[in-house]
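A.B. asks: Give me a 3D structure for the following:
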Amino acid sequence: NQFINSSNTKTNIFLANGLYQITRRMTINKNLNIVGESTSNTIISGGDNYQVFYITPPMIYGAAGPIVNIFNLTISNGVSYYGGAIYINESAANIVNVDFINNTARDTTYIGSVYPASGGALYIDKAFVKIYNSTFTNNNAAGNNDSYGGALLNDMGETTIINSRFIANNVSGYSGSGGA
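C.D. replies: Predicted coordinates for the structure are as follows:
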């Protein structure tokens, strides 16, 4: 996480093949390129405990959202109520050659309000996202109440998806929609 926060001036992170097990969600609030050595062998895992990336503008009044480019990775086993793997908030992202595998959005209750499971792998919130040559496999929006978007949920954003595959993504709960 020390490479991603706004106080670090690095704009490129290159990851060698390997399994990167995170111990907390990584917040990205600056322009950044994250490049893996290979899609199938560079794996970032949330360990079924954490969302992997939260992409959002810095906490400065009127600040623009970052542009984040993610290449050649597998993101797996991320968990959150909005976007098991990645929550993209009022920012822009290009996702290229990324496999999203076994990520889960789950219901959560906060101060008496229930937030539905939304976007098993991605939750896109008023953001601009382009996804190329990527695969979404076995991602789930698994709630007890409403659930939306087994693979991804686009909430007032603009999303372009090119040459990508959606395999066995699911929505479960009392009511739900959008398995893909």
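
A.B. asks: how far away is S164 from N89?
C.D. replies: Remark: distance between S164 and N89 (C-beta to C-beta, to the nearest Å) = 22 Å. The C-beta positions use only the backbone N, C-alpha and C, and glycine is treated the same way.

A.B. asks: What of L122?
C.D. replies: Counting by C-beta to C-beta, the gap from L122 to N89 is 12 Å.

A.B. asks: neighbour count winner among the two?
C.D. replies: L122 (35 against 19; other C-beta atoms under 10 Å).

A.B. asks: wait, that one sits on V98?
C.D. replies: No: the pair L122 / V98 is not scored as a contact, 10.0 Å apart, by C-beta atoms under 8 Å.

A.B. asks: My read is that N72 contacts Y132, right?
C.D. replies: No: checked against C-beta under 8 Å, the pair N72 and Y132 is beyond contact range at 11.5 Å.

A.B. asks: Pull up the overlap in contacts between these two.
C.D. replies: 96-97 (C-beta atoms under 8 Å, 6 or more residues apart in numbering).

A.B. asks: Neighbour count for these two, which is higher?
C.D. replies: N72 (21 against 15).

A.B. asks: ok, for the more buried one, nearest residue in space, not its chain neighbours?
C.D. replies: G36 (4.0 Å; C-beta to C-beta, 6 or more residues apart in numbering).

A.B. asks: For that neighbour, which residues are in contact?
C.D. replies: 15, 17, 42, 71-74.

A.B. asks: For it, give the beta-bridge partners.
C.D. replies: L15 (DSSP bridges).

A.B. asks: Grab the nearest non-local neighbour of the residue nearest in space to the middle of the chain.
C.D. replies: Centroid check for the chain by C-alpha atoms, centre = their mean gives I86 as the closest residue, at 1.4 Å. Setting aside the residues directly before and after it, I86 is nearest to F53 in space (C-beta to C-beta, 6+ apart), at 4.6 Å.

A.B. asks: Low-confidence stretches in this protein?
C.D. replies: For the chain, applying pLDDT under 70 flags the ranges 1-10, 174-180.

A.B. asks: rerun at 80
C.D. replies: 1-10, 145, 173-180 (pLDDT under 80).

A.B. asks: Could I get the contacting residues of I86?
C.D. replies: 51-55, 75, 78, 93, 121-123.

A.B. asks: before we move on, the earlier item: the residue nearest to I86 touches N29, doesn't it?
C.D. replies: No: if you go by C-beta under 8 Å, F53 and N29 don't touch, sitting 11.0 Å apart.

A.B. asks: okay, those two: which has more neighbours?
C.D. replies: Neighbour totals were compared for F53 and N29, and F53 leads with 26 against 21 (other C-beta under 10 Å).

A.B. asks: how close does the more buried one sit to G173?
C.D. replies: 25 Å.

A.B. asks: and what of T159?
C.D. replies: 23 Å.
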